[in-house]
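Engineer: let me see the structure of the following:
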Amino acid sequence: MCGIAGILDFKGRNSESAVIKMTQALSHRGPDAEGIFSEEGVGLGHRRLSIIDLSSAANQPFSDATGRFVTVYNGEIYNFNDIRQKLKDYPFRTISDTETMLAAYACWGIGALELFKGMFAFAIWDRQEKELMLVRDRMGVKPLYYYCDEEKLLFASEIRAILASGLVPRKINKNGIYEYLSYQSVSYPLTLVEGIYQLEAGSYLKVRNGEIEKKTYWKIPGCASSFSYEHEEVVKTSIRKLLVTSVERRLVSDVPVGAFLSGGIDSSTVVGIMAQDCGVKPDTFNISFSEKEFDESAYANIIAQKFKTNHTTIRLSPEIMLEELENALSALDTPSGDGVNSFVVSKAIKKAGISVALSGIGGDELFAGYPIFSQFQRLNRMSNRWQMLKPFRLAGSKLLFPGKFDNKKYRLADLLKCRTPDIEHVYPVLRNLLSGEMLKMLTGVKPHMTALEEYLLENKAMLGQLPVLSQVSAAEYMGYTQHTLLKDTDQMSMAVALEVREPFFDTDLIEYVLGIPDKIKQPLYPKSLLVESIKPLLPDGIVHRKKQGFVFPWSTWMKNDLRAFCDQYLKRLGEREFINGKELSHYWSNFLKGDKRIRWMDIWVFVVLEYWLEKNGMNA
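Structural biologist: Here you go, the predicted structure:
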C-alpha cells in the first residue's frame, strides 16, 4: 500500500518540484521509500509501504522491461502470481505485484484490468505514445483524485497532496458541502474543493494531447452473476468457498497479517476462516470501553479464545480519546462524520508491529444486515399502490408539522413525497443524515439534486433487475459504503501506514451474492444466510448477541469532555457566509439541553467540517 501523485503538463514544462511537494504530503501513506520520475511534461511521485517484495528493486516509480511504460501504483493485486503464469516470456526482475501489473498492461493494454483481483489505484505513463492512464479498482477501495485545467492535469491518492502542489486554488465547492451535510461524505465525481474530482470506482481516465477520455469498465448494478440458485444448500456451499478464497487472497504478504476483531458476526467470520481454513494464528485487536453499553470486548474474547489468536484489548477512555482526537481529525483527507474509531484501532495495530490487517467491514451490505434493507422491503411492497395513495401521502407529509429541529419528521415527509418507492428515489432519503429542510434552516447552500441521486437515476434500469434485497446492497455500494465506509477505512488506516484488507469486498463474492434470490437471502435472524453458510464456525452467543456496532459514546463525550472543543469550531463555522450561524448556535444549544430529536452525528458533522476547512486553508 502506498501513496501516488503526478502531474502531466500539456505545455511540456518540468513539474518535478511540485511533484516532490505532493509526495511529501503523502509521506504517512508510505514511510519505507520515496521515488520521483521526471521527464519533459510529466512527473510521477511515489511513497512506498512495503508489503510484497520488500527489496529496493520493487521501489517506484517502476518501469517495464522495455522502458516504455512507467507506473506509480497503490494497492494490492492478490492474484498476481496467477497472472505471472500467463506471462512466461516476460523477463521479471522482481517478485512484486507492481511489476506483474505493469507487465500485464504492457502485454494486453487496458484489457489486463479484467484479470486483476484486488484493490488498487495506479497511473501508467506511456513514453512512446505520450499517454497517461489513471485506473481505479472495481469497488473503489483505493482513492484517486484529479484536477485538470487548460494547461495541466494533477492526480494523487489524496486531495491534500494535490493542494500541496501549490498549483490548485483552495476554493470551497458549495455543492460538495451540500453532499457532505446530506450524507456525511461526498459522492463522486465531487469533492469539497472546486475543480478537484474523484475518479469513479471501476473506471479509468485516459489523457492524450490534452484530451481526456473517461470510461467505466465495471459497475456494481450490472455485475450480478447468472449462476443457478435453485438449491439453497448449494448456495451456502458456494458462499463458504468464495469467502475462504477471498480471505486466502488477502493473506498474500511478505509481512505479518493481523485482524480487527469486534466480536460481531462479520469480523468473527474473517478471523475464524483465517484460523480454521487458512491455518493462520492471527494477531487480533479489539477496543473496549468503560461504558458497558458500548463495550464488546467480552464477545471478542470468546472468538479469540476459540481460535487461539494472539489477542490485544485496547482500553479507551475519554482522556485517551481527547489526546487522540486532533490527531484523528488531522488524518482526514476529506471530512467524515465517522472514522475516528478506525484511526484509534489502526494506530494500536501499527504500534504492535503489524502493517497489514483484515477487517470484517462489508458483511452488512452483502447479507442485509442494516435496518435499511427491511425498510426498503416494506416500501417496495407498496409499489402498486404508491400512485393511488399520492393524495394521502402528500397530505400526510403536510400534517406531520415538524418542530423547528425535528429532522426525523422532515425526512419522513421527504419519504412520503418520493415519486415512486423504487430504490433510486427512496435510498437517498433513507440514507439522508440531514434533510433538505434542515439544511435550508442551518445553511445558505442552495438545495440541488445530489451526485448520488443523479448516479442512482442513471443506473435505475440495472438496479431494477436485481432482487429487492440486492437492490439495497447495490445502492449501498454506490452510496454510503464507497463514500463513507471505505473512504474512512483507507484514510484512517493509511494515516498510520497500516494496510487494511476487506474480504467481504471481494468482487467474485459480491457478483455471486448479488444474484441470490430474496427467498434465500431473507434474514431469519441477523445475516442468517452468512451464518448458515459458515456453520458451525461461530458460537451461538456471537450470532444471536445484540448488535452494537463499532462506535464511541459520542453523545456523552460531546456534552462533557468534548464540549469546549465542539463549541469553538461551531462558533467559527457559524461565521462563514454559507452557514446560518444563529440557527446553528440554537441547534447546538438544544442538543446540549438534551433535545432527543437532535442526534450527536447531526452536530458532529459541522464540527468536523470546520476543522477540515481550517486545517486545509479553504476559502469561500
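Engineer: which helices and strands sit right next to the lengthiest helix in the chain?
Structural biologist: Secondary structure of the chain per DSSP state H: the longest helix is helix 232-249. The contact analysis (3 or more Cβ pairs under 8 Å, 6 or more residues apart in numbering; DSSP states H and E) places helix 232-249 against helix 265-276, helix 507-514, helix 528-534. (Each C-beta comes from the backbone N, C-alpha and C, glycine too.)
Engineer: closest to residue 200 out of these?
Structural biologist: Among these, helix 507-514 comes nearest to residue 200, with 15.4 Å by Cβ to Cβ.
Engineer: hmm, who's touching that closest one?
Structural biologist: 117, 138-139, 218, 220, 223-225, 227, 238-239, 242-243, 245-246, 366-367, 466-467, 470, 473-474, 477, 503, 521 (Cβ atoms under 8 Å, 6 or more residues apart in numbering).
Engineer: give me the buried subset of these.
Structural biologist: By neighbour count, with 16 or more other Cβ atoms under 10 Å, the contacts of helix 507-514 hold 117, 138-139, 218, 220, 223-224, 238-239, 242-243, 245-246, 366-367, 466-467, 470, 473-474, 477, 503, 521 as buried.
Engineer: so which of the contacts of helix 507-514 belong to strands?
Structural biologist: Using DSSP state E, no member of the contacts of helix 507-514 sits in strands.
Engineer: what sits against residue 223?
Structural biologist: 138, 507, 510, 511, 514.
Engineer: check the gap between the first one and residue 200 for me.
Structural biologist: This points to residue 138. 11 Å (Cβ to Cβ, to the nearest Å).
Engineer: contact partners for residue 71?
Structural biologist: Counting by Cβ under 8 Å, 6+ apart, residue 71 has contacts 44, 60-63, 98, 101-102, 105, 122-125.
Engineer: count of residues packed around the nearest residue to residue 501 once chain neighbours are set aside?
Structural biologist: Leaving out its chain neighbours, the residue that sits closest to residue 501 by Cβ to Cβ, 6 or more residues apart in numbering is residue 250, at 4.1 Å. For residue 250, the count of nearby residues is 27 (other Cβ atoms under 10 Å).
Engineer: farthest-separated two in the contacts of residue 223?
Structural biologist: Of all pairs in these, the most separated under Cβ to Cβ is 138 and 514 at 12.8 Å.
Engineer: how about the residue nearest to residue 417 when sequence neighbours are not counted, phi and psi?
Structural biologist: With sequence-adjacent residues excluded and distances taken as Cβ to Cβ, 6+ apart, residue 417 is closest to residue 397, at 5.3 Å. Dihedral angles of residue 397 (phi, psi; degrees, to the nearest 10) stand at phi -60, psi -30.
Engineer: and residue 397, how many residues sit next to it?
Structural biologist: By other Cβ under 10 Å, neighbour count at residue 397 equals 18.
Engineer: touching, it and residue 413? I think so.
Structural biologist: Yes - proximity of residue 397 to residue 413 meets the contact threshold set by Cβ atoms under 8 Å, at 4.0 Å.
Engineer: tell me the contacts of the closest residue to residue 544 other than its chain neighbours?
Structural biologist: Once flanking residues are discounted, residue 544 sits nearest to residue 525: 6.6 Å by Cβ to Cβ, 6+ apart. With contact set as Cβ under 8 Å, 6+ apart, residue 525 has these partners: 531, 543, 544.
Engineer: repeat for residue 485
Structural biologist: Here residue 485 is in contact with 338, 361, 362 (criterion: Cβ under 8 Å, 6+ apart).
Engineer: before we move on, which element is the residue nearest to residue 544 in?
Structural biologist: Counting by DSSP states H and E, residue 525 is held by no secondary-structure element, helix or strand.
Engineer: so it versus residue 59, what's the distance?
Structural biologist: 50 Å.
Engineer: what's downstream of the host helix or strand of residue 425, the next helix or strand?
Structural biologist: In the assignment (DSSP H and E), residue 425 maps to helix 423-430. Counting by DSSP H and E, the next helix or strand C-terminal to helix 423-430 is helix 436-442.
Engineer: can you mark which positions in that next one are buried?
Structural biologist: 436, 437, 438, 439, 441, 442.
Engineer: quick one, the helix or strand that that helix is followed by and helix 423-430 angle?
Structural biologist: Proceeding N to C from helix 436-442, the next assigned helix or strand is helix 451-458, under DSSP H and E. With axes from the mean of the first three to the mean of the last three Cα atoms, to 10 degrees applied, the angle from helix 451-458 to helix 423-430 works out at 160 degrees.
Engineer: next secondary structure after helix 451-458?
Structural biologist: Taking DSSP H and E, what comes next after helix 451-458 is helix 460-464.
Engineer: buried set for that following helix?
Structural biologist: The neighbour-count check on helix 460-464 (16+ other Cβ under 10 Å) flags 460, 462, 463 as buried.
Engineer: ok, back up a step: show me the contacts for the residue nearest to residue 417.
Structural biologist: Contacts of residue 397 (Cβ under 8 Å, 6+ apart): 412, 413, 414, 416, 417.
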